[in-house]
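>>> Sequence and predicted model, in that order:
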Amino acid sequence: MHTAVLDKGQWMVLIDAAKGCATEPPNLTLYPADFVVCSFYKIFGYPTGLGALIVKNEAASLLNKTYFSGGTVAASIADIDFVQKRKGIEQTLEDGTISFLSISSLRYGFKIIDILTISAIARHTASLATYVRNKMLELKHSNEKNVCIIYGQDFKANYLKMGPSITFNLKREDGTWFGYREVEKLASLSGIHLRTGCFCNPGACAKYVGLSHSDLVSNFEAGHVCWDDNDVINGKPTGAVRISFGYMSTYEDAEEFLKFLQSSFVSKPAELNNGYMVNMNTLSLVDDWCQQAISDIRLKSITIYPVKSCQGFSVQSWPLTTGGLKYDREWLLQGSGGEVLTQKKVPELSSICTLIDLKLGKLFLESPKCKDKLQISLLKNLTHLSAEVDVYGQRYEVQSYGENVNSWFSEAIGRPCTFMRCSSSKYRSCVTNGNRDHLCRDTRSKLSFVNEGQLLLVSEESTSDLNSRLSLSNGNGKQQVFADAMRFRPNIVVSGSTPYNEDNWKRLHIGDAYFTSMGGCNRCQMINLYQSSGQVIKSKEPLATLASYRRKHGKILFGVLLNYEDDMEGEDDAIVERWLKVGQEVYPST
């Protein structure tokens with residue numbers, strides 16, 4: 001509730017009823033407000049971004065805006081201070097063109113509300129929310145510790161006064177928090193839509209999750225901003241999870257959500273071991289293993305991805321440079337708003353084929369939407385424009401290309417974009433005492449457009465184990481899901497190990513090249529995309545199955561990230577160019 005003071009000492013009241021109007025709008029007879037804000041999206045569930053400001057006639061004269069925009073004026077003169085507003089208050093208050101097509105749907109929303117009645121909706125949603133709250137509080141880990149921490153007033157006193165929303169966080173059995181991003185990712189795999197973060201209410205957020213002023217400042221100084229993935233900092237959550245019930249919600253929806261919590265976040269005694277219960281959450285992701293003849297592990301395939309998120313190409317041998325595999329992810333596409341385009345945003349990128357011919361010194365590109373192939377010289381052309389861009393927190397100097405190249409890519413993906421090449425980067429990530437977040441300054445090295453490690457390694461045995469689990473989970477008449485190693489976009493695939501053995505590797509060498517493990521690769525929805533008959537198909541697998549047994553500290557891990565150790569020099573301080581070759585023996589150390 002907000003208030004404004006007039007010169008005569010009178011108070012005017014504005015009620016933000018966006019949330020309240022969802023199931024039980026305020027009674028203006030009991031609470032006579034001058035202004036009321038409501039959201040149609042929260043009332044009907046559609047359309048988003050449309051609401052209303054309800055103004056008392058006596059208060060309308062107060063709304064003197066110092067600016068105007070399209071649709072709000074009857075006439076204006078550009079070079080002098082002259083403007084005449086439209087007479088209707090609803091026109092005066094508009095800022096730009098309103099969504100008139102969405103407005104036409106509101107009549108049907110109001111019709112549904114009239115049929116069901118507000119009182120029935122309030123009783124229905126309060127009953128569902130109360131049932132779910134009670135069940136959530138009953139959820140216990142195997143050590144009898146609570147799973148759910150619910151925020152808000154004591155709803156047991158009078159559950160009918162509670163709204164249809166439940167705001168909460170989840171705890172592990174050791175007392176640490178599940179991050180809200182982890183909850184959000186797993187919920188999306190189960191077809192559950194919920195909201196996470198601070199819900200544009202930083203005051204309540206800080207109060208309930210227990211963040212002091214110094215916590216908030218230090219979080220910001222550490223790089224945390226709204227909408228990022230930093231959901232737990234220094235052991236405290238930076239936001240929460242919220243579910244909401246509406247008139248269309250059912251008891252079955254509530255049960256599905258509770259089953260999701262039970263299966264995804266509640267630890268259970270797994271098995272007996274010498275008479276003692278063993279808890280799965282305390283076990284390492286890595287299977288126990290004995291030292292084997294490491295020469296049995298061999299390099300099975302090598303794949304280069306010149307353009308970030310486009311198709312790669314396989315080779316029998318390939319040179320290494322200071323940035324990893326030569327030319328790997330050295331190019332990317334940038335959207336018209338400056339954003340980096342990836343398959344998650346633009347699935348059409350997966351249809352662009354790439355190939356590099358080292359002898360010809362050219363990058364070849366092909367798209368089913370473009371009649372002609374594109375050829376780009378690998379030689380640096382200094383006449384191209386240079387700029388500095390930020391890619392996932394790393395600063396890069398880049399070179400752009402001419403309009404003909406950008407037009408080709410724009411046609412291939414169906415949207416305006418700019419093709420650019422990495423010229424240099426100032427920093428690269430490295431391992432220091434097991435901390436992957438440390439940055440090393442190295443003026444001789446170059447980090448290409450990778451998210452974390454320079455190379456991604458996947459094991460054939462780990463992939464086979466995953467597919468055996470997929471086969472079991474899809475055995476009830478469902479369509480068989482198969483994920484080959486290339487679904488994970490690895491640079492190198494190895495064979496001859498045991499499943500998930502690579503989790504143990506700290507360092508390995510292949511031929512004359514040495515690599516440092518950066519740890520497991522955190523997987524996202526991108527591995528659920530695959531091509532079928534020229535179409536990009538979206539599925540919940542294999543990420544959903546991986547989430548059931550490869551989750552650790554909020555991440556779903558598969559494969560390991562590697563950094564090439566490029567500090568080995570030859571005579572006269574010259575960099576030695578080394579090659580990876582299919583069939584080479586892989587020697588890991590733990």
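Looks like it came in fine.
>>> can we go C-alpha only for contacts and neighbour counts from here?
Will do.
>>> all strands for the stretch 301-450 of the chain, in order.
Along the stretch 301-450 of the chain, the segments classed as strands by DSSP state E, counting those that start in this stretch run 313-315, 317-321, 324-325, 331-335, 353-357, 362-366, 374-377, 386-391, 394-400, 417-425, 427-429, 439-441.
>>> So for the second one, mean pLDDT?
Meaning strand 317-321. This predicted structure assigns strand 317-321 an average pLDDT of 93.
>>> Name every strand pairing with it and say which way it goes.
Using DSSP bridges, the neighbouring strands of strand 317-321 in the sheet come out as strand 324-325 (antiparallel), strand 579-581 (antiparallel).
>>> Ok, which of these comes nearest S301?
Nearest to S301 among these is strand 579-581 (8.3 Å), distances taken as CA to CA.
>>> that older thread, now, of the strands paired with strand 317-321, which is deepest in the fold?
strand 324-325 (a mean of 24; mean count of other CA atoms under 10 Å).
>>> Now tell me what touches it from outside.
The contact list for strand 324-325, computed with CA atoms under 8 Å, 6 or more residues apart in numbering, reads I304, W318, P319, Q454, L455, N563, Y564.
>>> to the chain's geometric centre, what's the distance from it?
On the basis of CA atoms, centre = their mean, to the nearest Å, strand 324-325 sits 26 Å off its chain's mean C-alpha point.
>>> same thing with stretch 163-177?
Centre to centre, stretch against its chain (CA atoms, centre = their mean), the figure for stretch 163-177 is 20 Å.
>>> Ok, stretch 369-381 next?
32 Å.
>>> Residues in contact with that stretch: which ones?
The contact list for stretch 369-381, computed with CA under 8 Å, 6+ apart, reads G361, K362, L363, F364, L365, E366, S367, V405, W408, E411, A412.
>>> If you count residues, where's the longest helix of the protein?
Scanning the chain for the helix with the most residues, using DSSP state H, yields helix 118-138.
>>> buried sites along it?
When neighbours are counted by 16 or more other CA atoms under 10 Å, the buried residues of helix 118-138 are found to be 118, 121-130, 132-133, 136.
>>> Restrict it to CA atoms and write it as PDB.
What follows is helix 118-138 as a C-alpha-only set of coordinates in PDB (Å, rounded to 0.1, in the frame of the first residue of the first chain):
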ATOM      1  CA  ILE A 118     -14.800 -15.000  -6.700                       C
ATOM      2  CA  SER A 119     -15.800 -16.600  -3.400                       C
ATOM      3  CA  ALA A 120     -15.700 -20.100  -4.900                       C
ATOM      4  CA  ILE A 121     -12.300 -19.400  -6.400                       C
ATOM      5  CA  ALA A 122     -10.900 -18.100  -3.100                       C
ATOM      6  CA  ARG A 123     -12.200 -21.200  -1.200                       C
ATOM      7  CA  HIS A 124     -10.800 -23.600  -3.900                       C
ATOM      8  CA  THR A 125      -7.300 -22.100  -4.100                       C
ATOM      9  CA  ALA A 126      -7.100 -21.700  -0.300                       C
ATOM     10  CA  SER A 127      -7.900 -25.400   0.200                       C
ATOM     11  CA  LEU A 128      -5.300 -26.500  -2.400                       C
ATOM     12  CA  ALA A 129      -2.600 -24.200  -1.000                       C
ATOM     13  CA  THR A 130      -3.300 -25.300   2.600                       C
ATOM     14  CA  TYR A 131      -3.200 -29.000   1.600                       C
ATOM     15  CA  VAL A 132       0.100 -28.500  -0.200                       C
ATOM     16  CA  ARG A 133       1.600 -26.500   2.700                       C
ATOM     17  CA  ASN A 134       0.700 -29.100   5.300                       C
ATOM     18  CA  LYS A 135       2.200 -31.900   3.100                       C
ATOM     19  CA  MET A 136       5.300 -29.900   2.400                       C
ATOM     20  CA  LEU A 137       5.900 -29.500   6.200                       C
ATOM     21  CA  GLU A 138       5.500 -33.200   6.600                       C
END
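>>> after that helix, next one along is what?
In the C-terminal direction, the helix or strand that comes right after helix 118-138 (DSSP states H and E) is strand 148-150.
>>> Each with direction, which strands does that next one pair with?
For strand 148-150, the paired strands and their directions (DSSP bridges) are strand 165-171 (antiparallel).
>>> burial measure for F82, as a count.
F82 sits with 9 neighbouring residues when counted by other CA atoms under 10 Å.
>>> how far away is it from Q91?
18 Å (CA to CA, to the nearest Å).
>>> Same check on G583?
The value you get for G583 to Q91, if CA to CA is used, is 72 Å.
>>> Ok, N491 next?
From N491 over to Q91 (counting by CA to CA), the distance is 58 Å.
>>> Look at those two and report which has more neighbours.
N491 (23 against 16).
>>> pLDDT at the more buried one, what is it?
95.
>>> what's the pLDDT at the closest residue to it other than its chain neighbours?
Leaving aside its chain neighbours, N491 sits nearest to T303 (4.7 Å; criterion: CA to CA, 6 or more residues apart in numbering). Reported pLDDT at T303 in the predicted model: 96.
>>> and T303, what are its bridge partners?
Under DSSP bridges, the beta-bridge partners of T303 are S314.
>>> what's the burial count for it?
By other CA under 10 Å, the residues close to T303 number 22.
>>> got the contact list for it?
Taking CA under 8 Å, 6+ apart as the contact definition, T303 lies against G312, F313, S314, V315, P490, N491, I492.
>>> Could you find the closest non-adjacent residue to the fourth one?
By the measure of CA to CA, 6+ apart, the closest residue to V315 outside its immediate chain neighbours is I302, 5.7 Å from it.
>>> Settle this for me: that neighbour is touching P319, isn't it.
No. With contacts defined as CA atoms under 8 Å, I302 does not count as touching P319, sitting 10.8 Å away.
>>> shared neighbours of the two, which are they?
Shared between the contact lists of I302 and P319 (criterion: CA under 8 Å, 6+ apart) are residues L580.
>>> In terms of packing, which of the two has more residues around it?
The residue with the greater number of neighbours, taking I302 and P319 and applying other CA under 10 Å, is I302; the counts read 22 against 14.
>>> Can you show me the helices along the chain?
Counting by DSSP H, the chain forms helices over residues 40-44, 89-92, 100-103, 106-116, 118-138, 180-189, 202-209, 213-221, 251-265, 403-413, 460-473, 543-549, given from the N-terminal end onward.
>>> Out of those, indicate the one that is most buried.
Per-stretch averages of neighbours, counted by mean count of other CA under 10 Å, single out helix 40-44 among these, with a mean of 21.
>>> contacts for that one?
So helix 40-44 is in contact with 18-19, 21-23, 46-52, 106, 109, going by CA under 8 Å, 6+ apart.
>>> pLDDT of it, averaged?
pLDDT averaged over helix 40-44 gives 86.
>>> Give the ranges of residues in the stretch 451-590 of the chain that sit below the confidence cut-off.
Using pLDDT under 70 as the threshold, the predicted model of the stretch 451-590 of the chain has low-confidence ranges 451, 473-479, 532-534, 567-575.
>>> actually the stretch 101-250 of the chain, not the one I wrote
Low-confidence regions of the stretch 101-250 of the chain, defined here as pLDDT under 70, cover residues 153-161.
>>> these two touch, right, E585 and G511?
Yes. Here E585 lies in contact with G511, judged by CA under 8 Å, at a distance of 7.0 Å.
>>> And the two? Which one has more around it.
Neighbour count, other CA under 10 Å: between E585 and G511, E585 has more, with 20 against 15.
>>> Thank you kindly, that will do.
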